[in-house]
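Colleague: I need the structure of the sequence given here:
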Amino acid sequence: MKSTPPMVLLVEDNEDDVFLMQRALRAANIEVALTVLDDGEKALEFFERAASGKEPLPDMVLLDLKLPYVLGFEVLEFIRSSARLKDLDVIVLTSSGELRDQERAAALRAHGYHVKPPTPAMVADVAKFLGAEA
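Modeller: Take a look at the predicted model:
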């Protein structure tokens, strides 16, 4: 087992949703090193650095779709187009329950798609990918 908690990158612009995610992870006793980026442009910059080895890779990405500046789908497309990033575990967390968004996320190999706010099923999905118990 790792001595340090897994690094999770949460790309979310809504402070309330960040708070709810932090609370859901704590309630499920899932210890992570959570980094939050609050817009798609910052996320793209992070992943550009990570793709070139200048930024450590997170163990998991929790990605909102409706982000300022650059949409979450564009971020996910960048991740999947990069040789170094393409296998990252990405779970989409969004307010959109639209079938076309779910299908697009699946086509881009998102490992999960959950409509916010966090639910026990979503937290269990996160725990599964991190190898933790929820």
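Colleague: mind checking the SS state of the residue nearest to the spatial centre of the chain?
Modeller: By Cα atoms, centre = their mean, the chain has its centre lying nearest to Leu62, at 1.3 Å. Secondary structure state of Leu62, per DSSP: H, G, I helix; E, B strand; the rest coil, is strand.
Colleague: name the element the residue lying closest to Pro118 once chain neighbours are set aside belongs to?
Modeller: Among residues not flanking Pro118 along the chain, Ala24 sits closest, at 3.8 Å (Cβ to Cβ, 6 or more residues apart in numbering). The way it works is simple: take the backbone N, C-alpha and C, and place the C-beta from them, glycine included. For Ala24, the host element (DSSP states H and E) is helix 15-27.
Colleague: Flag every buried residue along that helix.
Modeller: Asp17, Val18, Leu20, Met21, Ala24, Leu25 (16 or more other Cβ atoms under 10 Å).
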